[in-house]
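Enquirer: Curious how this folds, go ahead:
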Amino acid sequence: MADDKTFCLDVGAGPIPNGLYVVATPIGNLEDITLRAISVLSAADLIAAEDTRHTAKLLSHYQIRTPLISCHEHNEARRSQEMIDKIRCGAAVALVSDAGTPMVSDPGYRLVGAVIEAGLDVFPIPGVSAAITALCASGLPTDTFVFLGFAPKKSGKRKELLASLTDESRTLVFYESPRRMAALLDEIQATMGDRQAVLARELTKLHEEFLRGRLSEVRETIGGRSELKGECTLLVAGSAGAALVSDAQLAAILKEALTHPDVRLSSLSRSLAATYKTPRKRVYDMALKIQKGIGKQT
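Expert: Down below sits the predicted model:
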């Protein structure tokens, strides 16, 4: 019911109750949408979209003619009151993001919170999520995991976050842009050791790809490409059951071992690689670099 400050126009009570509908949309393949989502988007009085141009393509594909309005991080506070007023007047408003489930690393939580605070209904319309899509095909433990979204852009905050996750036993799930992926892989390996990881990109699209292996192996694979394209989801094994060794820790171990005159790099590398579950090449290359540094000092 509208309060005294809200002037209600005829919004045309539709076939679904008034309220805010949080609707999941495809992350790539337009067929990855539920029948219920199509029904709600068609029946809603208004669709609040992160990018109206992007959402318009989806609506056109399914011949949905519901009016669109923008709702993104720069106007969400203002839009929230507008949406609340419309819902109070009987409107059914659908909230969508550019791809996947709204508010999973996307704008929208302020709007949802404001609608709830206003005593109005919020209806989740579930569907696809890049994090869950990548996780279920990763081969890493799925019984428990930590979704971290996008790592901080500033180096200091990013390193602080990764350091806090060193002893986390659950599978780690990150979103990251293609141009920052190499740096993130390097920093995770330096902080947590060379764990098992999976890089999923272009999920549900024509060029969908899963790169599996140690962090160093995934890094080497993308390093050999001229350009990494597509939205990326990175999954990293938790600490449970894995021997952890960061670059700094491995360097300290090698420096101590190389003080012995009869040590052989090949056997040392093989032994440490087996102990710490890290590629032998990583150990050997670091040992060779340290050995050369020791030689220059003598």
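Enquirer: okay, now the domains of this protein?
Expert: Here the domain parsing of the chain from the TED database is 17-126, 129-234, 245-293.
Enquirer: With mean pLDDT and mean neighbour count added, can I get those in a markdown table?
Expert: Quick note: C-beta positions are derived from backbone N, CA and C, even for glycine. Shown next, in a markdown table, are those (pLDDT from 0 to 100; neighbours: other Cβ atoms under 10 Å):
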| stretch | mean pLDDT | mean neighbour count |
| --- | --- | --- |
| domain 17-126 | 93 | 18 |
| domain 129-234 | 94 | 17 |
| domain 245-293 | 85 | 15 |
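Enquirer: Which residue is the nearest non-sequential neighbour of Val283?
Expert: Leaving aside its sequence neighbours, Val283 sits nearest to Ser269 (Cβ to Cβ, 6 or more residues apart in numbering; 4.3 Å).
Enquirer: Determine how far stretch 192-207 lies from the middle of the whole chain.
Expert: Remark: stretch 192-207 is offset 11 Å from the chain centroid, using Cα atoms, centre = their mean, to the nearest Å.
Enquirer: Could you give the separation between the terminal residues of stretch 273-287?
Expert: Stretch 273-287 has its terminal residues 12 Å apart, counting by Cα to Cα, to the nearest Å.
Enquirer: which residues make contact with it from outside it?
Expert: Stretch 273-287 has contacts (Cβ atoms under 8 Å, 6 or more residues apart in numbering) with 193-194, 214, 216-217, 242-245, 247, 250-251, 254, 257-258, 265-266, 268-270, 272.
Enquirer: mind listing which of these are in strands?
Expert: Using DSSP state E to define strands, the subset of the contacts of stretch 273-287 located there is Arg214.
Enquirer: from the contacts of stretch 273-287, which ones fall inside helices?
Expert: Counting by DSSP state H, the contacts of stretch 273-287 place 216-217, 247, 250-251, 254, 257, 265-266, 268-270, 272 in helices.
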